[in-house]
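# starting from these lines, generate the structure:
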Amino acid sequence: MYHLSGPAAAVVISPAVDVLHGDEKALSAQKNTGSGAYEWVKWGKNDDEPNQVIALNWESPSKPSLMDQAKEFVLGAGVAPFRFKYEDGKKVYLREDFPDLDDWFDEQEIFERYLEPAALSLVFCEMAFVNLSIGEGAQIGLQTIQPVKCRFQKPTGGRITHVLTSPLFGSGKRPTQMGRIPLWDRQNPTENPESIMLLKKAQIGQDFYNLGLFWGTKVWTKVANMIPQFHENGLTNGYNIKYLIEIDESYFIEEGENPADEEVKKLIEQRKDQFMSKLDDFLAGIQNTDKAIVMIGDLTDELGKPREMIRIKAIDNKMSDDAYTKIYEAANIAQAQGHGILPVLAGIDQGGKVGGSGSELEHAAMYQVAYRTPSYRRHLLKPLNTALRLMGMPRDVEYKFVDVEFTTLDKNPTGKQNVVGQAS
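Below you'll find the model as predicted:
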């Protein structure tokens, strides 16, 4: 027996999406067997496009940092509720104390469960799947589900209506259990106690899943990832060959022995192995820094006269790292541009300097926030302000992003202060 009160009250039997304790139940909520098995729109040729990109990113020394940096620029100093009014035709936001909203934000872990992972999803693939849970009063939950765990159920009548969730998507294994959650309906916002708000930036040619803007740098990422691997293998296996040691075959044959005899051949090979073992210990040492090539053969001259039994030649190593360094720098610049981060903010050496002056960094950071985060922030604010309406907050209360603004120490001892995001 259930007692329901209020227009938003409902009893959820299936799927059971637990937004308060993680998305594990959401990802395995509903059996997917029999003739009614769900079909979904594949994400990429093999339905593993985002998984491939993630695997490539974690092989890179710079990609995870660039993605995190892009996310930090979007988030700024976080969000806060403001009350707005109009003065001389301008919309002015005033900071007020909203203790009930602060409690809701903390209790529902909005930043940890929704805001930060949603911002990361947007900079990763230009879209985010946000689970909106509607309960009584302030029991409004927001939680971002990782994009790699989400797929659109194949549309019926040309319209997407549900999102399927499973941790097996992209793994090559067909899920047997998955969550099936309806998309949030703007016209009937309280129709479903659990729904998915889709935050999706506009892209030409992408009817279902978006492509991350930096996904076009996949080849540059592979090139950049190969360079440290090349050097690691080179240092381990010895691309700095320092000596060429030539040994005449007769050095291992004692007087009176017949090298054509099978037993003598075995003795000769044993002597070679023992000699090479001692030579390795002598040349390589503990650090194994220099390498040598040993060649065993006939050292007679063109007239057949014997020459030295052992001959050691020093090899001039003309290998230069400049070419590889330039390729690596070019790859890093291309990757930073793919993530929409100005090279000066990514710490990339340009023109022989890294970073530049403090004022240059300040203006670059302000430009980054003002011109490269507005559309992301508009999407991220939509679920927050929807939650305000569902909780019955007045319409003149809105969430806004807050940015960090550099200032002089005489104005603020910390050298920075918070301001309302101009582009949010």
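# going forward, measure contacts and count neighbours with C-alpha atoms only.
Noted.
# list the contacts of Ala119.
Residues near Ala119 by C-alpha atoms under 8 Å, 6 or more residues apart in numbering: 71, 74-75, 128, 376, 380.
# distance to Val223 for the residues you listed - can I get that in a markdown table?
Output for the contacts of Ala119, formatted as a markdown table (distance: C-alpha to C-alpha, whole Å):
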| residue | distance to Val223 |
| --- | --- |
| Lys71 | 24 |
| Val74 | 28 |
| Leu75 | 31 |
| Ala128 | 29 |
| Tyr376 | 30 |
| Leu380 | 34 |
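# from these, which land in strands?
Per DSSP state E, strands hold the following members of those: Ala128.
# neighbours of Lys326, how many?
Using other C-alpha atoms under 10 Å, Lys326 is surrounded by 11 other residues.
# re earlier: out of the contacts of Ala119, who's nearest Met226?
The nearest member of the contacts of Ala119 to Met226, counting by C-alpha to C-alpha, is Lys71 at 26.2 Å.
# and for that closest one, the neighbour number?
22.
# my read: it touches Val123, true?
Yes. Applying C-alpha atoms under 8 Å, one finds Lys71 in contact with Val123, separated by 6.4 Å.
# any figure for the gap between Val223 and Gln69?
In this view, Val223 and Gln69 are 22 Å apart by C-alpha to C-alpha, to the nearest Å.
# what about these two, which has more around it?
The residue with more neighbours, out of Val223 and Gln69, is Gln69; 18 against 15, by other C-alpha under 10 Å.
# does that one belong to a helix, a strand or coil?
Put simply, Gln69 is helix when judged by DSSP: H, G, I helix; E, B strand; the rest coil.
# from Ile327, how far off is it?
23 Å.
# cool, and Thr161?
46 Å.
# now do the strands in the stretch 51-200 of the chain.
79-87, 90-95, 127-134, 140-145, 150-152, 162-165, 177-182, 194-200 (DSSP state E, counting those that start in this stretch).
# output the ones you listed as TSV; include the columns mean pLDDT, distance to Phe111 and mean neighbour count.
TSV is the format used below for those (pLDDT from 0 to 100; distance: least, C-alpha to C-alpha, whole Å; neighbours: other C-alpha atoms under 10 Å):
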stretch	mean pLDDT	distance to Phe111	mean neighbour count
strand 79-87	93	9	16
strand 90-95	92	19	12
strand 127-134	95	13	26
strand 140-145	95	9	25
strand 150-152	95	21	23
strand 162-165	95	22	24
strand 177-182	92	22	24
strand 194-200	95	16	21
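# reformat these as a markdown table; add distance to Asp248.
Shown next, in a markdown table, are these (distance: least, C-alpha to C-alpha, whole Å):
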| stretch | distance to Asp248 |
| --- | --- |
| strand 79-87 | 78 |
| strand 90-95 | 88 |
| strand 127-134 | 69 |
| strand 140-145 | 69 |
| strand 150-152 | 67 |
| strand 162-165 | 69 |
| strand 177-182 | 70 |
| strand 194-200 | 72 |
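# for the top helix by length along the chain, buried residues please.
In the chain, ranked by residue count with DSSP state H as the criterion, the top helix is helix 262-284. Buried residues in helix 262-284, counted by 16 or more other C-alpha atoms under 10 Å: Ile268.
# mind giving me the packing neighbours of that helix?
strand 291-297 (3 or more C-alpha pairs under 8 Å, 6 or more residues apart in numbering; DSSP states H and E).
# residues in contact with Asp103?
So Asp103 contacts nothing (C-alpha under 8 Å, 6+ apart).
# what is the burial count for Lys382?
Around Lys382 there are 15 residues (other C-alpha under 10 Å).
# that one and Asn57, how far apart?
Counting by C-alpha to C-alpha - Lys382 and Asn57 are separated by 29 Å.
# for Leu384, which three-state class applies?
Leu384 - assigned by three-state DSSP - is helix.
# ok, which of the strands of the stretch 51-200 of the chain comes nearest Glu116?
Nearest of the strands of the stretch 51-200 of the chain (C-alpha to C-alpha): strand 140-145, 8.7 Å.
# neighbouring contacts of the closest one?
Contacts of strand 140-145 (C-alpha under 8 Å, 6+ apart): 19-20, 23, 108, 110, 113-115, 117-118, 128-134, 383, 387, 390-391.
# and stretch 79-99, by the same measure?
Residues contacting stretch 79-99 (C-alpha under 8 Å, 6+ apart): 101, 396-402.
# may I have that stretch as PDB, with CA atoms only?
Taking Å, rounded to 0.1, in the frame of the first residue of the first chain, the C-alpha atoms of stretch 79-99 are listed here in PDB:
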ATOM      1  CA  VAL A  79      27.800  28.000  -9.200                       C
ATOM      2  CA  ALA A  80      25.600  29.900  -6.800                       C
ATOM      3  CA  PRO A  81      22.000  31.000  -6.600                       C
ATOM      4  CA  PHE A  82      21.300  34.700  -7.400                       C
ATOM      5  CA  ARG A  83      18.200  36.900  -7.400                       C
ATOM      6  CA  PHE A  84      17.900  39.100 -10.400                       C
ATOM      7  CA  LYS A  85      16.100  42.400 -11.200                       C
ATOM      8  CA  TYR A  86      15.900  44.800 -14.000                       C
ATOM      9  CA  GLU A  87      17.600  48.300 -13.800                       C
ATOM     10  CA  ASP A  88      17.500  50.700 -16.800                       C
ATOM     11  CA  GLY A  89      16.600  47.800 -19.100                       C
ATOM     12  CA  LYS A  90      19.500  45.600 -17.800                       C
ATOM     13  CA  LYS A  91      19.300  42.400 -16.000                       C
ATOM     14  CA  VAL A  92      21.200  42.700 -12.700                       C
ATOM     15  CA  TYR A  93      22.100  39.700 -10.500                       C
ATOM     16  CA  LEU A  94      22.300  40.100  -6.800                       C
ATOM     17  CA  ARG A  95      23.900  37.600  -4.500                       C
ATOM     18  CA  GLU A  96      21.700  36.600  -1.500                       C
ATOM     19  CA  ASP A  97      21.800  34.000   1.200                       C
ATOM     20  CA  PHE A  98      19.700  30.900   0.300                       C
ATOM     21  CA  PRO A  99      20.400  28.400   3.200                       C
END
